[in-house]
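[1] Here is the input, now give the coordinates:
(chains A and B)
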Amino acid sequence: MNFRLLKITVLIMILTSLLSGCAVRTVAAARNNTEGQAGDYQFTDALGQEIRVKNPKRVVALMGSFADTWQKAGGELCGVTDDALDERGLVFPENVISVGMYNSPNLETIIGLNPDLVILSSETKEHTALKEAFKQAGITAAYFRVTYFEDYLSMLQICTDITGREDLYKKNGLETKQQIEAAIKKNIPESSPRVLFLLTYSGGVVAKNSECMTGKMLKDLGCTNLADENKSLLKEFSMEAIIKEDPDYIFVVPMGNDETQANKNLKESIENNPAWNGLKAVQNQHYILLPKEKFLYKPNEKWGESYVYLSEILSGTR
Amino acid sequence: MFTFLKFSAAPDKKGWLLLVISILFLTVSVLLGLFSGASFIPPSVLFKVLFSGSTKDPVYRIFMTVRLPRVLGALLAGSGLAVSGSILQTVFHNPLASPNIIGVNAGAGLFVLICSILFPGARELIPFAAFLGGLLASVLILLISMTGRMSQLLLVLTGFVINSLFTAGMNGVLILFPDAYVGAGNFLAGGLSGITTAMLIYPSFGILGGILLSLCFAKGLNHLGLGTERASALGMNVPVTRGLAIVIAAALAGAAVSFAGLIGFVGLIIPHAVKLLIGTDNRFVLPGSALLGGMFVILCDLFARTLFVPYELPVGIMLSFMGCPFFLYLILKNRSRRDMEC
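    I've put the predicted structure just below:
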């Protein structure tokens, strides 16, 4: 009896994890392209909510990259989070105010702005936690999930459909897409370079696979990510595994505000290891620190530049 | 040794007076919580908008969707945890016992996380899961404490171990299921950001029901506080009373954790403050804890959301800053008393 109960519990847990795993890869936001009466626009957001907006003028974006996308779609903002100013360095009119940090937005300040649309991330727990509160307040809250360029393009299309600026979709979306396609086409390697992609932060170093933004770019450019093959690298940074795999390229992006500390940590945790200098990537000077503006923050309309940057490194022209 | 329960010489009159004063203070703190926030809204404007019933007005939305739920949430969480702490201190005959110290909060938290993974979207199950987790931790501690004579510090250390076990469980769950979503705000630190009145419906039954039941048990708890032998001599069924008291304490703490996360130290600080003011008679300590616990969390949350506008701190961090030194003070006080007795 107890074993049966245990089996049912395990089955439920497996099914739940499978379902949640599938959910992660659902489309960021579907565009229904339903333009109803008098400029109404309807779409399905990343949480599966039917969102209906009508020419929103007071918009709050709770993530810097989303604020940038909305602006690039020709929209105006009345509230943004600090990362839009600090990390992306976006410039806004004086009447645009800060509503706190992206991971702890101030609900009262947002509601006080009387917005007709709030743009949030479905991947940020602190944002999904506000779903019910916005619903109760009668404020339209649209969730997006942007990891890859395709997600950005999809979001830009929805935003430009709302603002009615198809020209900006072409300029900031389709032109970037062409740039990416050209970079990929140009960089068809004879053999797939084996790469290791690392993120460093003040507390340590972590390897990332092809499911992150830069990992996807490397995969598109024909690289083989070691963390795709050796899953244990994702859980624990193992110098032994890296020596064994001996990658052709090692790419590093510093995370967080304290870049100096991140670099110091990188030096102490891996570069000081005597085996480090014996790695093929280090000996061939293929150990490369990537700029976080292009490879940590969402580059949006400059996504193409990020592809070109990597493509030049891989082809040896940079 | 601590002389934990010595009936105050203060007559009932003093207790009633302090309860009335507590009600007044609580009323003031509720009003402060409702009228203050990240946005400055003059009371005249607030009243005008509320009475006009214009639901589209941002002032109305701020009041109804941010301030009112937060004040209600803080009141319920503070009252529940403070009363739970008072009960646990009496049951374990230990002034250092409180829901977060002996692992009741952590047990409730672990079960809440598991419930949110197994039954995503079933919000009505969360308070029940929290109750079960809190109860499991309480029963574990009770069983361990009954295995033999245990000093107050040893009991706290045992609680610390159970707390660590459940906390490790929570961290493990969050590593395996990083998308596990629970309630609103910061669950591990304890916070009330993003809370809605709908989230409070089920927990409020647990907390209000728990407080009412505990008041019915107040006299029994007084006897229990005299020690097992004396309580038995007074004709009390000690195991049953103790078990019921534990169930109530777990329900109170679990209901609070289900929507506010792992708020700590209210259950430690408030019962002591109340005993200092009212004495040790649970007929007054329990309602006093409910009133002052609610007041305390409302004020802490008010500071947490207004000190660094537009940034806000989870209220649990604010409480930990105050609670940790107080806990250390109690341990040192306990040690110096023992030293004197030696």
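[2] need the residues of the stretch 1-150 of chain A near chain B, please.
    With CB under 8 Å from any CB of the partner chain as the criterion, the stretch 1-150 of chain A meets chain B at residues A:12-13, A:16-17, A:20, A:24, A:97-101, A:104, A:106-109, A:111-114, A:125-126, A:128-130, A:132-133, A:136-139. Where you see a C-beta, it was placed from the backbone N, CA and C, and this is true even at glycine.
[3] Out of these, which end up buried?
    A:97-101, A:104, A:106-109, A:111-114, A:125-126, A:128-130, A:132-133, A:136-137, A:139 (16 or more other CB atoms under 10 Å in any protein chain shown).
[4] what's the neighbour count on the closest residue to B:F217 other than its chain neighbours?
    Computed as CB to CB, 6 or more residues apart in numbering or on different chains, the closest residue to B:F217 that is not its neighbour in sequence is B:A245, at 6.1 Å. Residues lying near B:A245 (other CB atoms under 10 Å in any protein chain shown) number 22.
[5] how near is B:A245 to B:H93?
    Distance of B:A245 to B:H93, computed by CB to CB, to the nearest Å: 12 Å.
[6] near chain B, anything from stretch A:223-234?
    No: legend: contact between stretch A:223-234 and chain B by CB under 8 Å from any CB is lacking; minimum distance shown is 11.8 Å.
[7] If we go by neighbour counts, what in that stretch is buried?
    A:C223, A:T224, A:N225, A:L226, A:A227, A:D228, A:N230, A:L233.
[8] now swap in stretch B:275-295 and tell me
    B:275, B:277-295.
[9] so of the residues you listed, which ones are in helices?
    Per DSSP state H, helices hold the following members of those: B:275, B:277-278, B:282-295.
[10] For A:L289, give me its contacts.
    Neighbouring residues of A:L289 by CB atoms under 8 Å, 6 or more residues apart in numbering or on different chains: A:V252, A:V253, A:P254.
[11] Kindly reformat these as JSON lines containing neighbour count, secondary structure and distance to chain B.
    Putting these into JSON lines (neighbours: other CB atoms under 10 Å in any protein chain shown; DSSP: H, G, I helix; E, B strand; the rest coil; distance: CB to the nearest CB, whole Å) gives the following:
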{"residue": "A:V252", "neighbour count": "19", "secondary structure": "strand", "distance to chain B": "23"}
{"residue": "A:V253", "neighbour count": "22", "secondary structure": "strand", "distance to chain B": "20"}
{"residue": "A:P254", "neighbour count": "24", "secondary structure": "strand", "distance to chain B": "22"}
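[12] Pick the one among the buried residues of stretch A:223-234 closest to chain B.
    Nearest to chain B out of those is A:L233 (CB to the nearest CB; 16.1 Å).
[13] Within the helices and strands, which one has the closest one?
    Using DSSP states H and E, the element containing A:L233 is helix A:232-235.
[14] Which SSE is immediately downstream of that helix?
    helix A:239-245.
[15] May I have that next one as PDB, with CA atoms only?
    C-alpha atoms of helix A:239-245 as PDB (Å, rounded to 0.1, in the frame of the first residue of the first chain):
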ATOM      1  CA  MET A 239      38.400  22.000 -13.700                       C
ATOM      2  CA  GLU A 240      39.000  18.300 -14.200                       C
ATOM      3  CA  ALA A 241      36.200  18.000 -16.700                       C
ATOM      4  CA  ILE A 242      37.400  21.100 -18.600                       C
ATOM      5  CA  ILE A 243      41.000  19.700 -18.800                       C
ATOM      6  CA  LYS A 244      39.500  16.500 -20.100                       C
ATOM      7  CA  GLU A 245      37.300  18.200 -22.700                       C
END
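[16] roughly how far out does that helix sit from the chain middle?
    Computed by CA atoms, centre = their mean, to the nearest Å, the chain-centroid distance of helix A:239-245 equals 28 Å.
[17] From the centroid of chain B, which residue is nearest?
    With distances taken as CA atoms, centre = their mean, the residue of chain B nearest its centroid is B:L81 (1.2 Å).
[18] Is it in contact with B:V104, as I believe?
    No: judged on CB atoms under 8 Å, B:L81 makes no contact with B:V104 at a distance of 9.4 Å.
[19] about what we covered before: which SS class is the residue nearest to the centre of chain B?
    helix (DSSP: H, G, I helix; E, B strand; the rest coil).
[20] Which residues are in contact with it?
    Counted by CB under 8 Å, 6+ apart, B:L81 has contacts B:P99, B:L252, B:A253, B:A256, B:I263, B:V266, B:G267, B:I270, B:G293, B:V297.
[21] now swap in B:A106 and tell me
    B:A106 touches B:N100, B:A137, B:I162, B:N163, B:L165, B:F166, B:T167, B:M170, B:L262, counting by CB under 8 Å, 6+ apart.
[22] is it fair to say the third one lies in a helix?
    Yes: if the criterion is three-state DSSP, then B:I162 is within a helix.
[23] now it: how far from B:V309?
    39 Å.
[24] Please say which of the two ends up with more neighbours.
    B:I162 (21 against 16).
[25] quick one: the more buried one and B:A137 touch, right?
    Yes: shown here, B:I162 and B:A137 form a contact pair, counting by CB under 8 Å, at 5.7 Å.
[26] shared neighbours, these two?
    B:I102, B:G103, B:A106, B:G107.
[27] show me what contacts the closest residue to the first one other than its chain neighbours?
    Leaving out its chain neighbours, the residue that sits closest to B:I102 by CB to CB, 6+ apart is B:G159, at 3.1 Å. Shown here is B:G159, whose contacts under the criterion CB under 8 Å, 6+ apart are B:A97, B:I101, B:I102, B:G103, B:I141.
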